[in-house]
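# Below is the structure, and that's it, no one-letter string:
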């Protein structure tokens, strides 16, 4: 009996672990709270998330993965070990792990992640390019002679890839993600309204307003934002219309759009034409913001569609892409059948 295969998306905001047989088996925030003196872990994941910005001096909340890379190796190692024990409890066989890595990751960053995973007692660690994993996980037919573009917007990085015949024709990555959008909202509130808010409040604003279509009048349905006045130091509540938050994140949306343009400029004309004809597939949790999708369509003049369960597509795609890498000596993903869905195979057999 063979062991299990697991796909891991080690994100700045969330860690997602995917089992091809069971689906998503873990989806937890990449955050932990520890004792400031002893380093003892007090809380992790969803238990630690509400503690951000609320801990006393005796405790500190740590986000060990920032901008898609490990900023605190020891804490990342502890976090991965904790989650792997939870997922692999009572398992006899050690799992094989496929791990999605941002395209912009350096060799040193890749080795750090690989070493952190290896300490969990796994049989094998395979690194998969994040854009490839996103495309395969989203169900794109990357094995055909047709350009397929994915735009994966995560918590710390954004990656754009144009794939054809199972390989990457063009790829571009920037260290801009959901965390940057939160920071932009915090700055906007502080300097425009003299109202200081924390990261959790900024994320809530992003979700509530970003999930509203830009077709809705910007001065309707304001969000009431608790925080502290930078003038008086007193707590207060500020009313923010949707249009102002769209204004706060506009520069970042343009940055993401420019990255897509760069990826298209590096591609062959026929492949760029395929993107115009078939659109761009959005993955990552940020893609759940309709306002972001609509603004990107305006900037690029290309239709954008959101993958089903976009937050888990990268983790799901790593296992399938890793299986293809193991089957092909050259490492090139050139066999279209390796990426067929189960439904497609059943139709062929029927």
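Sure thing, it's come through. These numbers come from a predicted model, not from an experiment.
# residue with max distance from the center of this protein?
Residue farthest from the centre of the chain, counting by CA atoms, centre = their mean, is residue 232 at 38.0 Å.
# got any ranges where the stretch 101-250 of the chain has weak pLDDT?
103-104, 210-221 (pLDDT under 70).
# Would you state the helices of it in chain order?
Counting by DSSP state H, counting those that start in this stretch, the stretch 101-250 of the chain has these helices, from start to end: 107-118, 130-137, 178-193, 199-210, 242-265.
# that older thread, what distance do you get for the residue farthest from the centre of the chain to residue 225?
Using CB to CB, to the nearest Å, residue 232 is found at 16 Å from residue 225. To be clear about C-beta, it is placed using only N, CA and C from the backbone, and glycine gets the same treatment.
# likewise residue 31?
Noted for residue 31: a distance of 22 Å to residue 225, by CB to CB.
# In CSV: the helices of the stretch 101-250 of the chain, plus distance to residue 4 and mean neighbour count.
Formatted as CSV, the helices of the stretch 101-250 of the chain follow (distance: least, CB to CB, whole Å; neighbours: other CB atoms under 10 Å):
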stretch, distance to residue 4, mean neighbour count
helix 107-118, 15, 16
helix 130-137, 18, 30
helix 178-193, 30, 19
helix 199-210, 33, 20
helix 242-265, 35, 18
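# Quick check: which of these is nearest to residue 162?
Residue 162 lies closest, by CB to CB, to one member of the helices of the stretch 101-250 of the chain: helix 242-265, at 6.0 Å.
# Tell me the first helix or strand C-terminal of the closest one.
As assigned by DSSP states H and E, the chain's next helix or strand after helix 242-265 is helix 269-278.
# Please state the offset of that next one from the chain centre?
Offset of helix 269-278 from its chain centre (CA atoms, centre = their mean, to the nearest Å): 25 Å.
# next helix or strand past that helix?
Using DSSP H and E, the helix or strand that follows helix 269-278 in sequence is strand 280-283.
# before we move on, back to that, mind checking which of residue 31 and residue 225 has more residues around it?
Set residue 31 next to residue 225 and count neighbours by other CB atoms under 10 Å: residue 31 wins out with 25 against 21.
# where does that one fall, phi/psi-wise?
phi -150, psi 150 (degrees, to the nearest 10).
# Break the protein down into its structural domains.
Taking automatic domain parsing as the reference, the chain has its domains at 5-134+314-349, 144-306.
# Now for residue 172, how many residues are close by?
Number of residues near residue 172 (other CB under 10 Å) recorded here: 21.
# Ok, residue 270 next?
11.
# quick one, what contacts the closest residue to it other than its chain neighbours?
With sequence-adjacent residues excluded and distances taken as CB to CB, 6 or more residues apart in numbering, residue 270 is closest to residue 147, at 7.3 Å. Residue 147 makes contacts with 162-164, 169, 267, 270-275, 278, as judged by CB atoms under 8 Å, 6 or more residues apart in numbering.
# sorry, back to before: I'd like the distance between the residue farthest from the centre of the chain and residue 194.
For residue 232, the distance to residue 194 (CB to CB) stands at 9 Å.
# who touches the residue positioned nearest the centre of the chain in this structure?
Residue closest to the mean C-alpha point of the chain, counted by CA atoms, centre = their mean, is residue 154 at 2.7 Å. With contacts defined as CB under 8 Å, 6+ apart, residue 154 is in contact with 11-13, 68, 177-178, 284-286, 314.
# again, only this time at 7 Å
Each residue near residue 154 by CB atoms under 7 Å, 6 or more residues apart in numbering is listed here: 11-12, 68, 177-178, 284.
# Provide the count of other residues in contact range of the nearest residue to residue 127 once chain neighbours are set aside.
The shortest distance from residue 127 to any non-neighbouring residue, by CB to CB, 6+ apart, is to residue 101 (5.0 Å). By other CB under 10 Å, 21 other residues sit near residue 101.
# I'd like the distance between residue 101 and residue 159.
Computed as CB to CB, the residue 101 to residue 159 distance reads 10 Å.
# what do those two both touch?
Shared between the contact lists of residue 101 and residue 159 (criterion: CB under 7 Å, 6+ apart) are residues residue 130.
# What is the neighbour count of residue 146?
18.
# quick one: it from residue 297, how far?
For residue 146, the distance to residue 297 equals 21 Å [CB to CB].
# do the same with residue 70
Residue 70 is 34 Å from residue 297, where distance means CB to CB.
# The two: which has the busier surroundings?
Neighbours were tallied for residue 70 and for residue 297 using other CB under 10 Å; the higher tally belongs to residue 70 (20 against 16).
# beta partners for the more buried one?
For residue 70, the beta-bridge partners are residue 65 (DSSP bridges).
# I'd guessed it sits against residue 114; true?
No - under the criterion of CB atoms under 7 Å, residue 70 is not in contact with residue 114, lying 10.8 Å apart.
# tally of neighbours for residue 302?
So residue 302, with other CB under 10 Å, has 17 neighbours.
# Wait, a strand at it?
No - assessed with DSSP: H, G, I helix; E, B strand; the rest coil, residue 302 is coil; it does not lie in a strand.
# Quick check: it vs residue 312, distance?
Counting by CB to CB - residue 302 and residue 312 are separated by 25 Å.
# Equivalent analysis for residue 51, please.
Separation of residue 51 from residue 312 (CB to CB): 25 Å.
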